[in-house]
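1. From the sequence below, what's the structure:
(4 chains, ligands or ions: 4)
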Amino acid sequence: MTVVTYRQAITRGIADALAADEDVFLFGEDVARAGGAFKTTTGLWERFGDDRVMDTPISEQAIVGTAIGAAIRGLRPLAEVMFADFAAVCFDGIVNELAKYRYMTGGQVNCPVTIHMANGAGTGFAAQHSQPAENWFLNTPGLKVVVPATVTDAYALMRAAVEDDDPVLYFEHKGLFGMRGELPDVVEPVQLGVADLVREGDAVTVVATQQMRHRALSAADALAQEGIEVELIDPRTLVPFDHAAVRRSVEKTNRLVVVQEGSAGASWGGTLIAHVLQDGFELLDAPPRLISSDETPVPYAGVLEAAWLPSVERIAEEVRSIVRY
Amino acid sequence: MTVVTYRQAITRGIADALAADEDVFLFGEDVARAGGAFKTTTGLWERFGDDRVMDTPISEQAIVGTAIGAAIRGLRPLAEVMFADFAAVCFDGIVNELAKYRYMTGGQVNCPVTIHMANGAGTGFAAQHSQPAENWFLNTPGLKVVVPATVTDAYALMRAAVEDDDPVLYFEHKGLFGMRGELPDVVEPVQLGVADLVREGDAVTVVATQQMRHRALSAADALAQEGIEVELIDPRTLVPFDHAAVRRSVEKTNRLVVVQEGSAGASWGGTLIAHVLQDGFELLDAPPRLISSDETPVPYAGVLEAAWLPSVERIAEEVRSIVRY
Amino acid sequence: MTPPDRDAQLQMLRAMHEIRFFEDACHRLFATGSVRGTTHLCQGQEAVTVGTLHALRPEDQMTCTYRGHGAVLAKGVALDRSFGEILGKADGLCGGKGGSMHLTDVDKGALGSFAIVGGHLPVAVGVAFAARYRRTDELSVCFFGDGSTNIGAFHESLNLASIWKLPVLFVCENNLYGEYSPLHTTTPIEVLADRAAAYGMPGIRIDGNDVLGVHATVTEAAARARAGEGPTLIEMMTYRQKGHSRADPAAYRPDGELEAWLARDPIVLHERSLLADGVAQEQLDAIRAAAEEAVEAALERAQSWPDPDPETRLEHVYA
Amino acid sequence: MTPPDRDAQLQMLRAMHEIRFFEDACHRLFATGSVRGTTHLCQGQEAVTVGTLHALRPEDQMTCTYRGHGAVLAKGVALDRSFGEILGKADGLCGGKGGSMHLTDVDKGALGSFAIVGGHLPVAVGVAFAARYRRTDELSVCFFGDGSTNIGAFHESLNLASIWKLPVLFVCENNLYGEYSPLHTTTPIEVLADRAAAYGMPGIRIDGNDVLGVHATVTEAAARARAGEGPTLIEMMTYRQKGHSRADPAAYRPDGELEAWLARDPIVLHERSLLADGVAQEQLDAIRAAAEEAVEAALERAQSWPDPDPETRLEHVYA
Ligand SMILES: Cc1ncc(C[n+]2csc(CCOP(=O)(O)OP(=O)(O)O)c2C)c(N)n1
Ligand SMILES: Cc1ncc(C[n+]2csc(CCOP(=O)(O)OP(=O)(O)O)c2C)c(N)n1
Ligand SMILES: [Mg+2]
Ligand SMILES: [Mg+2]
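-> Ligands and ions are numbered 1, 2, ... in the order given. This next block holds a predicted model:
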C-alpha cells in the first residue's frame, strides 16, 4: 500500500500493462521522451525502450488508425490522445472505423485498442481543451467508455481497458491528476461494467462520475449533518453501464439524482434517467433530477468556469429539494 | 402548389436561398457539375454559375473550415457534406471551431453556416453510410440541428437554416428523398424551434422525426382503428427543441412515447424523456417509452437492417402497451 | 528480380477475367435490385490489383476501399462468399453485415474494404507497424483512389509511415475521377506520385493497365519495404470503365475518353503480350471461359444461400 | 517593391519590444498564478509576426494559434485588453471567455487564436475565399507551427487554397519543436517549405529572425496573392526561447542550442542593423524603454479591471 496521485496510478497502470504483455505498446504525441503532456507516462520510455513506447507526429488520425491496424494484427495498442477534445480530429477513426470494424466484418476481427485522454473542465483551459468528451461517443455501439474517479480505479480500469478485447476509451479527468489516495500493492482487478457503491444511504440515489463524484460525496457529507443519507454510486464505466446497481439503489431510496459535468443534451445522465424511468417508473417517489452544466461551451475565466460546473452547494441544494419533494 | 419530391423541395430551398441573397453560396463534393451525389443540387450550377456553386476536393475538413472563415467575413455558406456519416472526418471543425467560435470570442463573430447532409438508415448503405448522425452533435452547445420529415419542411427549414445567424446542421433523410408531397408556391416561413403537431389525439403523445414520423403516423392510423387516438408531434428541429409543445400534449395525454432511428445511448429521445420527467413528473400515468434501434451499428442485409429499424408494427405494439398500462 | 513465369502470367490473366466477370455480374445484380444501397465497380482497373497482389505473398496484408471487389478477389478470396456478401446472405464473407463496400476475409489477408475515403490508410500503417513490431516479414499494401489523396488521413498516414520506415505500399489507383469530378478540378498538381516527396518517400507513376509493369514495380518496392527501407507511393494510371457507382452513366466524360481507354483495356493488353510471347489464342480463350464459368457457378451458389437470421444482427458488436 | 523606411523599421522594433515585454509579463503572471490553465509564449519569434504583419495592410485578416500573443499584438490589438483576456477580466478582448489561447479582436483583423492544432488553417482559407467572393483586395494570413504541418487539416487547406488560387499566406513558424519533440523525430523531411510542391504552390524557407527579410518576402508573396496568383507557403526559421507552455523548462534542448539562438535574437539583430544604418543607440534605448513602459501600464490597467459577472457565461452561445 502506497499513497500515490491519480496521475501516478495511471502511470503505474500503464507500466504494469506494458510489463504484463509484450503485445502492449504505448504511443502518442510526446509520450516517450517527454513523459506525456500530463506526465502520465513519465519514465516508461526509459524503462521499456523505443520499441514499446513511441512518440508520434501531431497526427491523431494516424494514431487512431495505426492502433486499429496493429490491433487487428494481434497487438494491444495503448494510444494517448492528450486532451480528450482532440478526439474530435480523429472522430472518424474512432466512431466509423474502430467501433464498427468487428461488426462490419461479421466478427472477423477484434479491436483491443485503448485510447486514453485527459478529460473535463475546471482547470482554466477554455472551450477547446476542457470538454467532458465522453458524451460524444455514447451513441456509437462498439465502444466501451471508462471514467475513473479514484486512484485505485485509475489503475484498475487502465489494466482492465488494456486487457479488454474491445475498443476502450479511457478518460482521465484533468482535475483529479494531483489527487492523492492509497494504492494497494496488488490491486484487485475491476471488471468493466461494475459500479462502485461509494456511500450507502436511504434517502436518495445520487449517481456521479469523476470530478462530480467527489463533489457529490462532499455534498452527501454535508447533507448527512441534516439527517439526509445519500446513497452515492459511481458507475466507473459508462459503456457497459451497471444498470442493475442503480436499480437496486433506487428500489431502496425511490429517488434519483444524476450529477454530471457537461451539458444535458445527449449525455449519459439523460440516458440514465430515461432508462430508469422506463424500467422502474413506479419506483420513483419524486421527479428524477439531472444536475449538469450550462448549455454553453466551457468559459475560461475563473468565476465563469466555476459557475459553469455544478458546485457542492448546488448539488446539496438540488438533492435536498428532491428529498423534500 | 405543385407536387414535388422531398429531394426537389431541398433543391428548391437551396435555389431560392441562393436567389434571395448574394451572400449565400453552395459548395461541396460534386455539388456543381454533377448536381450532388443525391441530386439535391441539380441545375444549381447551371443557374447560378461558378461563382456561387462550387465543387471541392474530397476534403471535408477544408470544406467546414472554409465555411467558417467565409461566414465570419459576412457570407452565408451552405456546405454539403454528402452522407452525414462523413461529418466524422470534420467533427473537429463542427464541434470545436464552428460551435464555439462565437462564444470563445465573447460574441465578436456570428457563424451563419449551414451544413446539409444525408442522414439515416434503411437504404442498404451499411454501417459507414447509414447513421442517424444527429445525436453526435447534441452535447455541443452552439449548434442548431434540423431534421425535416416532409416536403414542406424540407423546403422551409432549408430557408430558415440559411437565414439563421447561427450554425445549423441540416439533416435530410435518405429514406425520404423520393417521397412526394405538395409544396405551396409560397411557403410559410418556419421558425427553428417550433414543432409540428402532426396528428391530434388524447391517448398518448408520440414524438418522432424524419422516417420515424411517417412510421409513427402509420402506426397511429392503425391504432385509431382500435380506438386509440395518438397525438403525434414532430419537433422538426432538435436544437432548439420545442419543449412547450411536448409539454402541452403530455398534459393532455399523460403518456409519452418517443420513436427514434438509432440507438438509445446519448440520443435526443433519451434527452427528451429525461427533460419531460424532470419538469412534468406528475403528468405521466404510465412509464415513458423510448422506441429506438438496436445497440449495434447498422447492418447491410435487407432482413437485418429492417429488423434494426423500429417498424410500424413494433411502434404500434409498444404504444398500445403504454396506453394499456 | 525475375519476372513472373508463363504460368504466373496466365494466372494473372485468369484473375483479371474473374474480376471482370464478377463486376459485370454485380452490375446486372444491381440493375435488377438484388444489391442493396450501392456498388462501385472496377472494370478496367484489374491490372492494378492483380499485378500488385500477385507480386506479393499470401501472408502480406491488404486493405482497400468500397471499390474493392477486385482487390479482394485478387487476394484470393472466394468468389461465392464475395457474391454472398454483396447479396446479403448468411454465408457471405461478413454474414451479410458488410455488403458490397466492406468485403473482408481476414484469413486471406483481405483485411477490410473501407467506405470512408481515407479511413483505411492509417489502418494500413498500423498493419505494417504490427509486422515490424513482431519482426515478421509481412508487408501491408493499401489501395486507394486519386481523389483520396486530398483528404487529411492520406497526409498523416504517409508521413507516419515514412518517419517510422514501415513496410507499407501505398497504391494510388488513379482512374482520373473522384466520383464525378475530374482530378484536375480538385487537385492542383498533375502527378500525384510527386506528393511522396512531402514525406521523404519515393513516389513512382506507372501504367496501371500493364499488369506485368505493375508486377515489376511492386516487386521492387516490396523488396525495399521488407529490407526496412520504408514505404513507397505508387501511382498507377488506369481508368474506370463504368460510372462511379450505382447507375451512374458517367455522362461527364469527354468524348472519346472511354474509347481510348477501352483500347488500352488491361485484359486486352495482357492477352496481346501473351500472344506475342507465344501463347495460343485457344489457351487464352479457355482461360476466359473457365473464369466466366467459375464466376457464374459461384453466383449461382451464392444466390441459393439463405438470408441471415434477423437475430444475428445483434451479434459481433463486442468480442 | 521598396523596403520599409526608417520610421517603419523603428515601428517594427517597437512592436517586437512590446511583444517581448508582454510575454515576459505573462511568464511572471503564470508563475504567480494569475493566468489559469496554460500559456504558450513566443519570445524569440517576434520577427515572424511583426515582419509579416507590418508588410500587410490593416484590412488584411489574420488567424493564429494558442501561441498567438505576438501575432495578435503585431496586428495592432490593444495591450491592455489582451492582458485583460489572459487575466480573465470582464474587459478582456473576449470578456474572459477565451483566455490566453483565444485572443481575438475582429475589429483589428485579429480573427482568432485557435487551440486545436491545424484547426484554423481551413478557416484562413475561408477568409480568403470571402475576400475573393466579394472582390475586395483583402488577404488572409495564417500562422502555424512546424509540428502542425503533420496534421490532416494542413494538407486539405493548402490543397484547396491552391486549386482555388485564393489570396492566403501560410506562414509556418518553424521553431524546431512541436511541444517537446524536435521536428526530426516526427517529420521525415527537413525543409517544410518543400511540402508546398505537393499543392503546386510556391514554398520558400527564410530566416524568421530577420525582420526585414521577413518583411520583404511577405511583401512579394502578398503581391502575388492580391494579383490572383494564389497562395504561398513561407517557412520562417526561428526559435522558441522559452519552454512549450506553462512551466516547461525545456530540458530536452541540446547543449548550446538556446545560446546559439539567443545570439541571433531577432530584436538584437534588428537593433544591430538599425545601428549599422546610423540610428543612435539612445534612440533604440528610448524605444525599448517606451515599449516597456507601455506594457507595464497596460498590465496595471488590466489588473485593475473587474472580473466578469458570472451570469455573462450564459451569453454569446447563439447570435
Ligand atoms: C470522407 C468521405 N468523403 C466523401 C465520400 C464519398 N465518396 C465516395 S467515393 C468518392 C470518390 C473517391 O474518389 P477516388 O479516391 O479517386 O476513388 P475512386 O472512387 O475513383 O476509386 C467520394 C467522394 C466518402 N466515402 N468519404
Ligand atoms: C489536434 C491537436 N493535437 C495536439 C495538440 C496539443 N499541442 C498543442 S501545441 C502542440 C505542438 C505544436 O507544435 P507546432 O505546430 O510546432 O507549434 P509551436 O507550439 O511550436 O508554436 C501540440 C501537439 C493540439 N492542441 N491539437
Ligand atoms: Mg478515382
Ligand atoms: Mg513548433
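2. Low-confidence stretches in chain C?
-> By pLDDT under 70, the low-scoring segments of chain C are C:1.
3. middle-most residue in the chain, spatially?
-> Since you didn't name a chain, this refers to chain A. Nearest to the centroid of the C-alpha atoms of chain A, with distances taken as Cα atoms, centre = their mean, sits residue A:147, at 1.4 Å.
4. try again with chain C
-> The residue lying closest to the centre of chain C (Cα atoms, centre = their mean) is residue C:71, at 2.9 Å.
5. Touching, that residue and residue C:144? I think so.
-> No: counting by Cβ atoms under 8 Å, residue C:71 stays clear of residue C:144, with 10.3 Å between them. Backbone N, C-alpha and C define where each C-beta goes, glycine included.
6. Identify the contacts common to the two.
-> Overlap of the contact sets of residue C:71 and residue C:144 (by Cβ atoms under 8 Å, 6 or more residues apart in numbering or on different chains) consists of residue C:64.
7. Tell me how far residue C:25 lies from residue B:18.
-> In this structure, residue C:25 and residue B:18 are 43 Å apart, going by Cβ to Cβ, to the nearest Å.
8. Next: residue A:14.
-> In terms of Cβ to Cβ, residue A:14 sits 54 Å off from residue B:18.
9. who's more crowded, these two?
-> Applying other Cβ atoms under 10 Å in any protein chain shown to residue A:14 and residue B:18 shows that residue A:14 carries more neighbours, namely 28 against 21.
10. Which residues does the host helix or strand of residue A:8 contact?
-> For residue A:8, the element it lies in under DSSP states H and E is helix A:6-20. Contact with helix A:6-20 is made by A:4, A:24-26, A:38-44, A:47-48, A:52-53, A:78, A:116, A:148, A:150-152, A:154-159, A:162-163, A:172-173, A:176-181, A:183, as judged by Cβ under 8 Å, 6+ apart.
11. show me the contacts for the one residue in chain C that gets nearest to chain D.
-> Closest residue of chain C to chain D, Cβ to the nearest Cβ: residue C:152 (1.9 Å). Residues in contact with residue C:152 (Cβ under 8 Å, 6+ apart) are A:61, B:59, B:61, B:89, C:118, D:151, D:152, D:153, D:154, D:155, D:156.
12. Tell me what angle the host helix or strand of the third one forms with helix A:60-72.
-> When secondary structure is defined using DSSP H and E, the element that contains residue B:61 is helix B:60-72. Here helix B:60-72 runs at 160 degrees with respect to helix A:60-72, directions being taken by axes from the mean of the first three to the mean of the last three Cα atoms, to 10 degrees.
13. is helix B:60-72 up against ligand 2 anywhere?
-> No: Helix B:60-72 stays clear of ligand 2 (Cβ under 6 Å from any ligand atom), getting no nearer than 11.3 Å.
14. Quick check: buried residues in the next helix-or-strand element following that helix?
-> Using DSSP H and E, the helix or strand that follows helix B:60-72 in sequence is strand B:76-83. Buried positions in strand B:76-83, judged by neighbour count with 16 or more other Cβ atoms under 10 Å in any protein chain shown: B:76, B:77, B:78, B:79, B:80, B:81, B:82, B:83.
15. Now render those as CSV, adding pLDDT and distance to ligand 1.
-> Below are those laid out as CSV (pLDDT from 0 to 100; distance: Cβ to the nearest ligand atom, whole Å):
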residue, pLDDT, distance to ligand 1
B:76, 98, 23
B:77, 98, 18
B:78, 98, 17
B:79, 98, 13
B:80, 98, 10
B:81, 98, 8
B:82, 97, 5
B:83, 98, 7
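16. For whichever residue of the stretch 201-319 of chain C sits closest to ligand 3, give its distance to ligand 1.
-> Across the stretch 201-319 of chain C, the shortest distance to ligand 3 (Cβ to the ion) belongs to residue C:240, at 6.7 Å. Look at residue C:240 and ligand 1: by Cβ to the nearest ligand atom, to the nearest Å, they are 6 Å apart.
17. Helix, strand or coil: sort out that residue for me.
-> Per DSSP: H, G, I helix; E, B strand; the rest coil, the local secondary structure of residue C:240 is coil.
18. tally of neighbours for it?
-> By other Cβ under 10 Å, neighbour count at residue C:240 equals 23.
19. Identify the residues contacting it.
-> Residue C:240 neighbours (Cβ under 8 Å, 6+ apart): C:41, C:42, C:43, C:44, C:45, C:67, C:175, C:176, C:177, C:250.
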